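>>> predicted structure and sequence below. I'll ask about it afterward.
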Protein chains: 2
Amino acid sequence: MQDDTTTAPAEVLILNEADNVAVAIRMIDAGDRLPSGLIATQRVPRGHKIALADVPEGGQLRKYGQSIGIAKEAIPAGAWVHEHNVGMGTTELDYAIGSEAKPTDHVAEADRATFQGYRRANGKAGTRNYIGVLTSVNCSTTVAGLIVEQIERSGILDDYPNVDGIIALKQANGCIVDGSGSIFTVLRRTVWGYASNPNMGGALVVGLGCEGFQIPKLKEAYTTEEGPTFRTLTIQEVGGTRKTVEAGVEIIKEMLPLVNTAKRETVPASELTLAMQCGGSDGYSGITANPALGLASDLLVRHGGTTILSETPEIYGAEHLLTRRAARPEVGEKLIERIRWWEDYTARNNMEMNNNPSPGNKLGGLTTILEKSLGAVAKGGSAELSAVYEYAEPITEKGFVFMDTPGYDPVSATGQVAGGANVMCFTTGRGSAYGCKPCPSIKIATNTPMYDKMLDDMDLNAGDVLDGVSLEEKGRQIFEAILRVASGERTKSEQWGYGANEFVPWHIGAVV
Amino acid sequence: MQDDTTTAPAEVLILNEADNVAVAIRMIDAGDRLPSGLIATQRVPRGHKIALADVPEGGQLRKYGQSIGIAKEAIPAGAWVHEHNVGMGTTELDYAIGSEAKPTDHVAEADRATFQGYRRANGKAGTRNYIGVLTSVNCSTTVAGLIVEQIERSGILDDYPNVDGIIALKQANGCIVDGSGSIFTVLRRTVWGYASNPNMGGALVVGLGCEGFQIPKLKEAYTTEEGPTFRTLTIQEVGGTRKTVEAGVEIIKEMLPLVNTAKRETVPASELTLAMQCGGSDGYSGITANPALGLASDLLVRHGGTTILSETPEIYGAEHLLTRRAARPEVGEKLIERIRWWEDYTARNNMEMNNNPSPGNKLGGLTTILEKSLGAVAKGGSAELSAVYEYAEPITEKGFVFMDTPGYDPVSATGQVAGGANVMCFTTGRGSAYGCKPCPSIKIATNTPMYDKMLDDMDLNAGDVLDGVSLEEKGRQIFEAILRVASGERTKSEQWGYGANEFVPWHIGAVV
Ligand SMILES: [Ca+2]
Ligand SMILES: [Ca+2]
Ligand SMILES: [Ca+2]
Ligand SMILES: [Ca+2]
Ligand SMILES: [Ca+2]
């Protein structure tokens, strides 16, 4: 099987300068020469790993600058690295809280990036200026939809060019009381988080009246009074569909001129809160788009901004890589506490927290659970972890943070936006049709063929990392795209009107 | 507190001729005379019970023709009947499967009611003629919505007067795999049930491609081939939003002329499958609208039709009243098995199956869990129970059946419609803004003040049962309304366009 490709340099991707393995971009045959001059001693399938240096038995194998496992035998430089010669070492995770946290090397004030955003009365800044019509229960979703429909059809929005639109944020739940109350706490926090997201210029909350999620309790919980840009309506009080829709349309008409007074102005990038997501992952996610996004995250953090990693089930097994980056002990402990909660939650529901590589993953070159979760964690770059939040909690710390969410994209992203995210990056390998309102979502393809095929949905291609574009360069491109989109450039999903259907609050517990 | 009302006959409601208690429609004072001549011996608050005959200590107290408890002491005729003199007797439920089942007294063939419906190729009949655009995952909901929007905006539907409309049935889930597979089984059954509901003239299912709910597996599970009125599309295959929406619009344009060939014709009422729901209940639900609906259910069953009672948590504690009506032993056993499942499900989720009357219920006159659940079960009339189904299972038996669903209305109704319901009755006390597509929903008010206030949403008033209209007469009115609506008369919620948002499949288990 020796052929003439053995004379061209073999193409590999080195994800971190500390790594002792590289990823084969194309199949490498025994005898192929790497750019560094190293000669492959074995065939290495595409996407699999090759040893860059001799690794003694028991030595660490490093990818993403992190250990992904232990050499089960001495591995010579140039050898194929996979299950046959890699083990997990001890199965006990060493959380080593804070051991690898390094204070952020902030960019000098004078050099900090800015964007054109909407300053809000509370000091926060929006990247969009929407009006939300939120619901406390499924029973009021049709009324919310009718209010939005009537406003849109009236053509009145044309008179308010600074308003990006009006969104009906419908929901499936809100009725039944659960014993522990956690369903309600989370639902209420999510609805309130959307109503108060800096991308919302105004909000109307519509309820039915007899649901468990009572609007008066929402106002009480957040010590909020109704005002010109925060209003509520209850169908049973107003007297049915017709009257409530009429009242809602009037409220929005009163709100529009006020919301329209917002103007974009120069705002420091430190006001950006970036939600990070991946969905429909493939074998390239962990080596192209995710690490590039991680570098963009590091950049934004150095400019004083905030970035949110989530999807706890997808980082399971590699959570110690985050605890080690914890800025304070309680940050690491909170993450461990959430991991324990998930173990209990899934066990109670007869499920398993199992993030082991599947047979398909292994064929693709993923060797250990660590390596797989590292691909997901790669989105989070290398900045220290400043805080851990529960689902939909308001994000108050700057820097790189973690929010505990399910792995399911719309549910996870809904929690991040409720927490205050005002811009999002979403990496995808299989191709995603996701979009979010009020939070613009930049969709980043992990591979070029999918990017070309789904050009109508993709905003950026990270597939060219395999053609020689450096991860650093790709990270910068993503960072710049974030600033442009934050300043008003419309993403593909916004052009299509995506975002109202993708509001999916996490329903924790049983539906009864 | 004696006043001149003591001379007017006290107004009471007797729910069944076998009852030994009556419900006070207005407050009764000691000394008041009932129409029967009985003199009240104590004050009886409005909505509370008065003994119609002497009941010995240990004797049964009967309401709805059923025992609601045991006299803790001898109760004389004319006395107030409540917690102070009523107990539950043994706490062990006596399921006595089939002990009270009586074969249906069918109306003679020649006298059977009919309606104007759409005969389908499989012999079933629809009361509406919709085209559904269904989704396998949240990721395809926006594309489904865009297809429906473009068709609606094109004005092309005007050319097809026999088509009631096109519905985007969006959903929140569909992505994540669970270990046991039950989430998928149920979700797939629900989507397929909607696609094949007799009120659907055609269906298009849209998926993303990488979701756990795979469209090819849907077709496999139901050995269904694509045909002119059943089509599917996968966004990742077609290549993104724009191309999929274009393809979907073309598919619907091809489907419309075919679906439009359906014509209404005379069909026996035995082709009706009635979903029964109550939501936003109040103190009158159990004595006006629910028992009236129960009589309508009995009528439809006698005319050969099918009626579905559901909402397992709301009948909990009175399930033995249904097991006793079981037509066959396995029907009763299946219901008990579902009750056990719920006990386990709620325990695993740190919840309680507790249908005991709340303090507010007790103030309103409800004494025992039996009495409360009887109010919910009253919707089911007195026909024998021919079958018990799991959530969203296809209903194949005629007569009165039970489908196991949560108590939450949109989730419960979604299961019933997936099972094949082609018309619905929904009783409400607090006022509901529910509607369903493709299944028309007749909303029945339990009290006149709410009916008057929410006239734009209510189809029928059962509050006048308290003003002397008999339950039998109200049951007949409901039965006639069912036939009219089944024949095409539009309900209030249909006039408002309710129904697409209310598709909420039951998500059993944890969201991960
Ligand atoms: Ca996805
Ligand atoms: Ca995910
Ligand atoms: Ca995700
Ligand atoms: Ca209910
Ligand atoms: Ca209900």
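That came through, no problem. Note that the structure is a prediction, hence the values are computed from the model and not measured. Ligands and ions are numbered 1, 2, ... in the order given.
>>> show me chain A divided up by domain.
A:1-92, A:130-261, A:266-495 (automatic domain parsing).
>>> quick check, the residue in the stretch 51-200 of chain A closest to ligand 5?
residue A:175 (9.4 Å; Cβ to the ion). C-beta coordinates here come from the backbone N, C-alpha and C atoms, glycine included.
>>> hmm, which helix or strand of chain A has the shakiest average pLDDT?
Lowest mean confidence among the helices and strands of chain A (mean pLDDT, DSSP states H and E): helix A:359-363, at a mean of 78.
>>> average pLDDT across whatever helix or strand comes next after it?
The first helix or strand that comes after helix A:359-363 along the chain, using DSSP states H and E, is helix A:369-377. Helix A:369-377 carries an average pLDDT of 89.
>>> so is helix A:369-377 next to chain B?
No: applying Cβ under 8 Å from any Cβ of the partner chain, one finds helix A:369-377 separated from chain B by no less than 14.1 Å.
>>> elements contacting that helix?
strand A:66-71, helix A:312-315, helix A:319-323 (3 or more Cβ pairs under 8 Å, 6 or more residues apart in numbering or on different chains; DSSP states H and E).
>>> which one of these lies closest to ligand 3?
helix A:312-315 (7.4 Å).
>>> are that closest one and chain B in contact anywhere?
Yes: using Cβ under 8 Å from any Cβ, helix A:312-315 comes into contact with chain B via residue A:313.
>>> ok, back up a step: who touches the least confident helix or strand of chain A?
A:82, A:83, A:283, A:372 (Cβ atoms under 8 Å, 6 or more residues apart in numbering or on different chains).
>>> get me the contact residues on the stretch 251-400 of chain A for ligand 1.
Residues of the stretch 251-400 of chain A found near ligand 1 (Cβ under 5 Å from the ion) are A:279, A:280.
>>> which stretches of the stretch 251-400 of chain A form strands?
A:264-268, A:273-278, A:306-309, A:385-389, A:399-403 (DSSP state E, counting those that start in this stretch).
>>> try the stretch 401-512 of chain A
So, for the stretch 401-512 of chain A - with DSSP E, counting those that start in this stretch - the strands run A:423-428, A:441-445, A:460-461.
>>> adding mean pLDDT, write those out as a markdown table.
Formatted as a markdown table, the strands of the stretch 401-512 of chain A follow (pLDDT from 0 to 100):
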| stretch | mean pLDDT |
| --- | --- |
| strand A:423-428 | 97 |
| strand A:441-445 | 98 |
| strand A:460-461 | 98 |
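>>> what's the closest of those to ligand 1?
Closest among the strands of the stretch 401-512 of chain A, using Cβ to the ion: strand A:423-428, at 7.3 Å.
>>> strand A:441-445 and the closest one, what's the angle between them?
Interaxial angle of strand A:423-428 relative to strand A:441-445 (axes from the mean of the first three to the mean of the last three Cα atoms, to 10 degrees): 30 degrees.
>>> ok, and what's touching strand A:423-428?
Contacts for strand A:423-428 (Cβ under 8 Å, 6+ apart): A:127, A:272-281, A:285, A:289-290, A:293, A:296, A:379, A:409, A:413, A:416-417, A:432, A:434, A:436, A:439-446, A:450, A:458, A:462, A:478, A:482, A:485-486.
>>> let's have the strands of the stretch 401-512 of chain A in a markdown table, adding mean neighbour count.
Below are the strands of the stretch 401-512 of chain A laid out as a markdown table (neighbours: other Cβ atoms under 10 Å in any protein chain shown):
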| stretch | mean neighbour count |
| --- | --- |
| strand A:423-428 | 28 |
| strand A:441-445 | 28 |
| strand A:460-461 | 22 |
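>>> which strands border the strand ranked longest in chain A, and is each parallel or antiparallel?
For chain A, the longest strand by residue count, based on DSSP state E, is strand A:200-207. Paired neighbours of strand A:200-207 in the sheet (DSSP bridges): strand A:130-135 (parallel), strand A:230-234 (parallel).
>>> now do the first one: distance to the chain's middle.
Its chain's C-alpha centre lies 22 Å from the corresponding centre of strand A:130-135 when counted by Cα atoms, centre = their mean, to the nearest Å.
>>> cool, stretch A:183-203 as well?
18 Å.
>>> okay, buried residues for stretch A:233-245 please.
Neighbour counts over stretch A:233-245 (16 or more other Cβ atoms under 10 Å in any protein chain shown) mark A:233, A:234, A:235, A:236, A:238, A:239, A:240, A:241, A:242, A:243, A:244, A:245 as buried.
>>> same check on stretch A:346-357?
Using 16+ other Cβ under 10 Å as the test for burial, stretch A:346-357 gives A:346, A:348, A:349, A:351, A:353, A:355, A:357.
>>> surely the fifth one touches residue A:344?
No: if you go by Cβ atoms under 8 Å, residue A:353 and residue A:344 don't touch, sitting 9.9 Å apart.
>>> tell me what residue A:309 is bridged to.
Bridge pairing for residue A:309 - DSSP bridges - gives residue A:402.
>>> count the residues that sit near the residue in the stretch 351-500 of chain A that ligand 5 sits nearest to.
Closest contact between the stretch 351-500 of chain A and ligand 5, by Cβ to the ion, is at residue A:411 (25.1 Å). Around residue A:411 there are 27 other residues, counting by other Cβ atoms under 10 Å in any protein chain shown.
>>> ditto for residue A:164
26.
>>> gap between it and residue B:286?
Residue A:164 sits 49 Å away from residue B:286, going by Cβ to Cβ, to the nearest Å.
>>> ends of stretch A:103-120, how far apart?
The straight-line separation of the ends of stretch A:103-120 (Cα to Cα, to the nearest Å) is 30 Å.
>>> so what touches it?
Taking Cβ under 8 Å, 6+ apart as the rule, stretch A:103-120 contacts A:125-129, A:198, A:201, A:262-272, A:301-304, A:383-384, A:399, A:422, A:479, A:483, A:486-488.
>>> any chance of the helices and strands packed on helix A:369-377 in CSV, plus distance to residue B:25, mean pLDDT and mean neighbour count?
Shown next, in CSV, are the helices and strands packed on helix A:369-377 (distance: least, Cβ to Cβ, whole Å; pLDDT from 0 to 100; neighbours: other Cβ atoms under 10 Å in any protein chain shown):
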stretch, distance to residue B:25, mean pLDDT, mean neighbour count
strand A:66-71, 74, 90, 21
helix A:312-315, 56, 92, 24
helix A:319-323, 63, 93, 24
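>>> where does pLDDT dip in chain A?
Applying pLDDT under 70 to chain A flags the ranges A:1-8, A:90-92, A:174, A:176-181.
>>> what sits against whichever residue of it sits closest to ligand 1?
Nearest residue of chain A to ligand 1 (Cβ to the ion) works out as residue A:279 at 3.3 Å. By Cβ under 8 Å, 6+ apart, residue A:279 lies in contact with A:409, A:426, A:427, A:428, A:432, A:434, B:139.
>>> and the furthest pair within those?
Greatest spatial distance in the contacts of residue A:279: A:427 and B:139, 14.6 Å, computed using Cβ to Cβ.
>>> thinking again about what came up before, ok, the residue of the stretch 351-500 of chain A closest to ligand 5 touching residue A:505?
Yes: when contacts are counted by Cβ under 8 Å, residue A:411 is listed as touching residue A:505 (7.4 Å).
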